[in-house]
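**Student:** return atomic coordinates for the entry below.
(one chain, ligands or ions: 1)
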Amino acid sequence: MALDHSLGQQTVAISGMSALEAIRSRRNVRQYAAQPIAADDLDQILEAGRRSPSSRNTQPWDFVAVTDRDLLRRLAAVWAGGRHVANSAATIALLTAADQAGHGRVQFDLGQAAMSIMLAAASLGIGSCHSAVGDEELARELLGYPADRSCELLISLGYPAGRPLAHIGRPDRRPFDEIVHRERW
Ligand SMILES: Cc1cc2nc3c(=O)[nH]c(=O)nc-3n(C[C@H](O)[C@H](O)[C@H](O)COP(=O)(O)O)c2cc1C
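**Tutor:** Residues are numbered from 1 along each chain as shown. Predicted coordinates:
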């Protein structure tokens with residue numbers, strides 16, 4: 001798949017794997033190689049988030065992209081299950097309006113943006129992992145976003161340490177025939 005990325009007048013084509021290949025090879029990666037993510041690749045990943053669909057096209061998101069090592073280390077403390085953020089090459093914080101954050105529609109839209117981001121990353125061979133946000137005040141202090149915004153999710157990114165992304169033959173998922181119903185339940 002060639003991801004077309006338009007930045008103003010400039011169009012950059014980046015070759016990656018197909019969408020289906022990205023879906024089949026994506027997994028949550030929590031150990032990252034030291035290799036940085038090229039700025040253009042990070043922009044492609046952010047652009048995938050920007051292009052995500054949303055209810056009534058409200059686009060209820062802002063993204064804060066962090067690559068500074070010291071900031072990543074401190075950001076890792078916002079959630080006990082977010083330690084992988086510390087050694088990521090980059091982490092994208094997904095924010096929304098604080099007074100809208102509890103709405104199911106907004107959470108659905110953020111989930112779609114998250115998946116677009118993660119699949120774009122996978123298509124470039126870059127691993128990713130979610131982290132919830134427990135200490136919102138620490139996240140706000142570190143990222144500097146205003147009081148009317150809420151940080152709902154962190155997505156860490158980086159080239160996998162040791163095991164590159166590759167087709168997963170037997171994913172840890174419920175059986176296909178158990179969850180797929182045809183015509184009727
Ligand atoms: C809404 C949501 C929140 C998550 N939060 C965390 C988290 O805080 N820390 C973490 O390590 N993984 C987190 N995950 C990742 C899940 O644990 C992961 O998607 C699941 O175990 C499947 O992993 P796999 O795709 O590698 O099979 C989260 C996933 C989702 C969808």
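**Student:** next secondary structure after the helix or strand where His130 lies?
**Tutor:** Per DSSP states H and E: His130 is located in strand 127-131. Downstream of strand 127-131, the first helix or strand assigned by DSSP H and E is helix 136-143.
**Student:** what helices or strands is that following helix leaning on?
**Tutor:** Where contact means 3 or more Cβ pairs under 8 Å, 6 or more residues apart in numbering; DSSP states H and E, helix 136-143 is packed against helix 69-75, strand 149-158. All C-beta atoms are positioned from the backbone trio N, CA, C, and that covers glycine.
**Student:** any idea which of those is most buried?
**Tutor:** Ranked by mean neighbour count, the helices and strands packed on helix 136-143 are led by strand 149-158 with a mean of 24 (mean count of other Cβ atoms under 10 Å).
**Student:** pLDDT score for Gly16?
**Tutor:** Looking at Gly16, its pLDDT reads 73.
**Student:** that one touches Leu119, doesn't it?
**Tutor:** No. At 10.1 Å, Gly16 does not count as touching Leu119 under the criterion of Cβ atoms under 8 Å.
**Student:** ramachandran angles for Gln100?
**Tutor:** Dihedral pair for Gln100: phi -110, psi -10, per degrees, to the nearest 10.
**Student:** touching the strand holding His130 from outside, list them.
**Tutor:** 26-30, 32, 76, 78-79, 81-82, 84-85, 88, 91, 114, 117-118, 121-122, 153-160, 165 (Cβ atoms under 8 Å, 6 or more residues apart in numbering).
**Student:** make it 6 Å
**Tutor:** 28-30, 79, 82, 84-85, 118, 121, 154-158, 160 (Cβ atoms under 6 Å, 6 or more residues apart in numbering).
**Student:** same thing with stretch 21-37?
**Tutor:** 84, 87-90, 119, 122-123, 127, 129, 158-161, 165-167.
**Student:** could you check whether it is close to the ligand?
**Tutor:** Yes. Using Cβ under 6 Å from any ligand atom, stretch 21-37 reaches the ligand at Arg27, Asn28, Arg30.
**Student:** and which of these is nearest to Gln107?
**Tutor:** The closest of these to Gln107 turns out to be Asn28 (Cβ to Cβ; 18.9 Å).
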